[in-house]
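> Sequence isn't available, so here's the structure alone:
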């Protein structure tokens, strides 16, 4: 039992070792380079060297993930972290023996995704990706509205331009793709000039689409900037200004109490002095 | 009379039922899918099934709008809401029997716009669309200025390049379209190189146009962002800062009154102590 | 003398008449429409009608500018306003008899610029244009830096790619135009693939150019937004916050004086009470 | 010894002379113009004139840098400034006799970079460039994330589309270039339609790539704007608000002390008045 805990401590020390971390990152980069180099037409001998390197990297990743699993108290706490699960799938999947051509392709693809392990290893990238993912829902309803606009235009486009160019307006999916092309301004005039030969007024269709899409997109961007700014503002206010505003409010309440007290004190003093020399010392009350 | 009110209550309960609302949304999505599927070349039998489905959806929408009309106290309050009027037109228009090919096309188009009912049903989308519509006037005068720039360039372009390419510079409308194409950078160099063969200096025309258009567009965007930010700022100030500034002003005014009172009190105290031991206790007055 | 002043008053009243202003704007729009319509191939008879209309508009503009000149006290104060000078040049220039084809073209061009009178007539457009013009200097040095980058790349491009395509890299002006084309992403890969056949590494030239140009442009945009925001902020602070900060400073100074006074008063009161019952009532001084 | 110091003073006076500075700037602009003019096909005689001018400019730059070196106390302090080192390299490099064609090209390139001396001479441009350079690290991790995304897509693209078009997807570098082309929307549909003939679903590859790249880019831009705004905000707060907040806090602390003092004073006064007329004057304590 003691030896197990010792081993766990040992593995934990390895995992938290800066040098080990850097080495893992270097292996990931090497793995990425190997993937890249293998896309070139290279000497068969060199190719075999790279295949061997690829195999070695796979084994290293296996060893590394086992160390990280053993460093954890139990497997459940290991898999609770999304990134660990991601790493585990990537590593295990590349272990599957790949003989058939179909599976070989899958194996190669999975080995490419090992590059994403860089994101899980470098904390700055992990923070960045989390920020990106958390900004997705914000775009939800605007994307839905955008899709409705695209869908309606695609349906109208298919009905009218079906017969003109089946390649661009064959069915609603193809039309959606064509409209996305128009939205990126990619040879959109070629698409327009073609339909304008049959429907001379079809420029209204394209221009209205471009204006509406650009308008919604622009508003979405401005909306996101403003929303983020407002959140920052509110956070800042909660931290700083609330303290200030709170202190000012405290001052105001207590100033009232002080004023009442002073009024009472003045009355008492007047009583005392009146008793002394009989002169009423009262002046105007506060406004 | 009572039964009518009861019925109205009953319809109101249906209309406000979350389940019913969700069901209506699902039917709208189904209606959108049917529109989409019908653009594919499908089996004639399946096509008939979809036609039937389309018919059923039309009837369902009719029933739904009647329920919502009966749920309202009177028809006028029903039609006062813009979205209701929109829904009504869409539903009634798709009821018109469509036999002739011309009308059939119109019928199909109207059925596409039923997808927009999604916007009228989902509150978040309705808010979004209202926000979009309310941001249109803000762009009014800049759009007018932009149009004046386009118009002048189009007129100049037509005069000079008329003879070079009638297809691009035939008359002012065509020239406007060509300039919009140039503004989207879509094969604009092809347009330019063509006219540069006759007028070698015509690049000045294109570059000045691109710079002016981009410049006005950029300023418009920045203007909108700043305007929206300022509005938010003002709203925020009215809510928060005014309170703070108001309290500070209150404090200042009352501090003056307190100071005067304290001065009087000190004088009285001095009188009292002077009377006791005859020592003038006066010190420097406040600055 | 009196009749002259009377006439001037009369013209002033005409000039400030809302109805007259609206009529002038309508004539400007009509003038723009006539320019537009004349670019179409229309019936010779109709063309003559439009020529007549054009002539009438020119005379109306002449009459209008004379009214505005007479409404002013003297000609100098009329010409001091930039917009008046602009109107005057446009109107006078279109009066020049246009017989020769060269001059006829100039006459037609000048008549197009009459559309710009819309800007000088509508106050909102005038404000907008002034704002645009005032934002030009802000872009000065960034534009200069941008031009230096373009110039260096154009010189390098001309030296290397001169022999490959004289049409795109013939001399430094042509190269500048080609680089502007690359910066707008207009068929830039065609330009690149061509030179990559001779210099396989020339993608470095294009990518570095695109990155640098985009980077400088982005920073310029962000800089403008921030500068405008900061100006707004400062203006806002000068107006609001300074008042607040000033009042708080006043409060602080006077609170010090009040504190000193209270200390003196407490001492006096202690003297009085000590004299009464001989018990020292002193407590800790303020921190 | 004295004459040397005198000479140094003399050179310093030259260097700081506004007229001399302006003259240097004019020579740099002239040098840029000569570079530009020489790219045109000009008369051999004129070409020789420009060659002579080029030679004279080189000598002038040499003289100028020697003056600036002698004006400095020692050479080390001269080379400590990055811009001086840059100027020195540019000037010395263009002195190298250029006979061979290879070296001649290098000489011409170096002479082009003399235009950059404009940046080192005009303070506003120097500030601008420093600001640009300082904003580079800010983009570091986002650029890394962007590169990882590009790399993964390029690897996947090479594996799948290798056989379809070797010119676009031959190896990972070519694929990266192709993806950059897709990201700039430059004829990206041509690339897509080609692969869609073999893999009809490959539009998913392109659209997901465009969305992810645009999404990361957008977030990067917003992030930069927000970060810069926040920095400005913090700087502003440190300068202004801290003072205000500090004064408010001072007011709050001292108001507490004043309140305690007033309470004591009231008690004493009550004692005094009670001793006079025996009536308890106590009222409610502050909340």
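Received it, and whenever you're ready, just let me know what you need. Only a predicted model underlies this, so the values are computations on that prediction, with no experimental measurement involved.
> contacting residues for residue A:192?
By C-beta atoms under 8 Å, 6 or more residues apart in numbering or on different chains, residue A:192 lies in contact with A:202, A:203, A:206. Bear in mind the C-beta positions are built from the backbone N, C-alpha and C, glycine included.
> Okay, the second one and chain C: tell me how far apart.
What it means is residue A:203. 17 Å (C-beta to the nearest C-beta, to the nearest Å).
> okay, now that residue: neighbour count?
A count of nearby residues for residue A:203, using other C-beta atoms under 10 Å in any protein chain shown, gives 19.
> how about it, what does it touch?
So residue A:203 contacts A:192, A:196, B:177 (C-beta under 8 Å, 6+ apart).
> from the residues you listed, which is closest to chain C?
residue B:177 (13.1 Å; C-beta to the nearest C-beta).
> For that closest one, which non-adjacent residue is spatially closest?
By the measure of C-beta to C-beta, 6 or more residues apart in numbering or on different chains, the closest residue to residue B:177 outside its immediate chain neighbours is residue A:203, 5.9 Å from it.
> tell me the SS of the residue lying closest to residue A:184 once chain neighbours are set aside?
Leaving aside its sequence neighbours, residue A:184 sits nearest to residue D:185 (C-beta to C-beta, 6+ apart; 4.4 Å). Going by DSSP: H, G, I helix; E, B strand; the rest coil, the secondary structure assigned to residue D:185 is coil.
> close enough to count as contact, residue D:185 and residue A:186?
Yes: using C-beta atoms under 8 Å, residue D:185 is in contact with residue A:186, at 5.3 Å.
> separation between the residue nearest to residue B:177 and residue B:174?
Remark: distance between residue A:203 and residue B:174 (C-beta to C-beta, to the nearest Å) = 10 Å.
> How about residue A:209?
For residue A:209, the distance to residue B:174 equals 19 Å [C-beta to C-beta].
> What count of nearby residues applies to residue A:262?
There are 21 residues near residue A:262, going by other C-beta under 10 Å.
> mind checking which helix or strand it is in?
helix A:242-277 (DSSP states H and E).
> if you average pLDDT over that helix, what comes out?
Taken as a whole, helix A:242-277 has an average pLDDT of 76.
> Just the buried residues of that helix, please?
Across helix A:242-277, burial judged by 16 or more other C-beta atoms under 10 Å in any protein chain shown covers A:244-245, A:247-248, A:251, A:254-255, A:257-259, A:261-262, A:264-266, A:268-273.
> my guess is residue A:218 meets residue B:220, correct?
No: with contact defined as C-beta under 8 Å, residue A:218 and residue B:220 do not form a contacting pair (9.6 Å).
> For these two, indicate the residue with more neighbours.
Between residue A:218 and residue B:220, counted using other C-beta under 10 Å, the more crowded position is residue B:220 (20 against 17).
> does stretch A:42-50 come close to chain D?
No: using C-beta under 8 Å from any C-beta of the partner chain, stretch A:42-50 never reaches chain D; the gap is at least 9.6 Å.
> low-confidence ranges in chain A?
Applying pLDDT under 70 to chain A flags residues A:1-4, A:96-104, A:229-230, A:232-245, A:276-287.
> Could you check which helix or strand contains the most centrally placed residue in it?
The centroid of chain A falls nearest to residue A:132 when counting by C-alpha atoms, centre = their mean (1.0 Å). Under the criterion DSSP H and E, the helix or strand holding residue A:132 is helix A:123-134.
> Report all helices and strands that that helix contacts.
helix A:117-121, helix D:140-161, helix D:203-236 (3 or more C-beta pairs under 8 Å, 6 or more residues apart in numbering or on different chains; DSSP states H and E).
> repeat that with 6 Å
When contacts are defined as 3 or more C-beta pairs under 6 Å, 6 or more residues apart in numbering or on different chains; DSSP states H and E, helix A:123-134 sits against helix D:140-161.
> ok, now which ones touch residue A:268?
By C-beta atoms under 6 Å, 6 or more residues apart in numbering or on different chains, the contact set of residue A:268 is D:269, D:273.
> quick one: it from residue A:190, how far?
Plainly put, residue A:268 is 95 Å away from residue A:190 if you go by C-beta to C-beta.
> Residue A:251 now?
Distance from residue A:251 to residue A:190, by C-beta to C-beta: 70 Å.
> Kindly report the same for residue A:199.
Applying C-beta to C-beta to residue A:199 and residue A:190 gives a distance of 16 Å.
> Now do the residue in the stretch 1-150 of chain A that chain C sits nearest to: how many residues are near it, please.
The stretch 1-150 of chain A approaches chain C most closely through residue A:40 (14.2 Å), counting by C-beta to the nearest C-beta. By other C-beta under 10 Å, the residues close to residue A:40 number 15.
> can I assume it is in contact with residue D:173?
No: look at residue A:40 against residue D:173 with C-beta atoms under 6 Å: they stay out of range, at 8.5 Å.
> Apart from its chain neighbours, what residue comes closest to residue A:269?
residue B:268 (4.5 Å).
> that older thread, of the contacts of residue A:192, just say which sits nearest to residue A:27.
residue A:206 (51.5 Å; C-beta to C-beta).
> check contacts around the residue of the stretch 1-150 of chain A found nearest chain B.
Residue nearest to chain B within the stretch 1-150 of chain A (C-beta to the nearest C-beta): residue A:141, separated by 4.8 Å. Going by C-beta under 6 Å, 6+ apart, residue A:141 touches B:124, B:128.
> Quickly note the distance from it to residue C:7.
Computed as C-beta to C-beta, the residue A:141 to residue C:7 distance reads 64 Å.
> same thing with residue A:246?
Applying C-beta to C-beta, the value for residue A:246 to residue C:7 is 69 Å.
> where do the helices sit along the stretch 1-150 of chain A?
A:2-16, A:18-37, A:44-71, A:75-80, A:82-93, A:101-113, A:117-121, A:123-134, A:140-161 (DSSP state H, counting those that start in this stretch).
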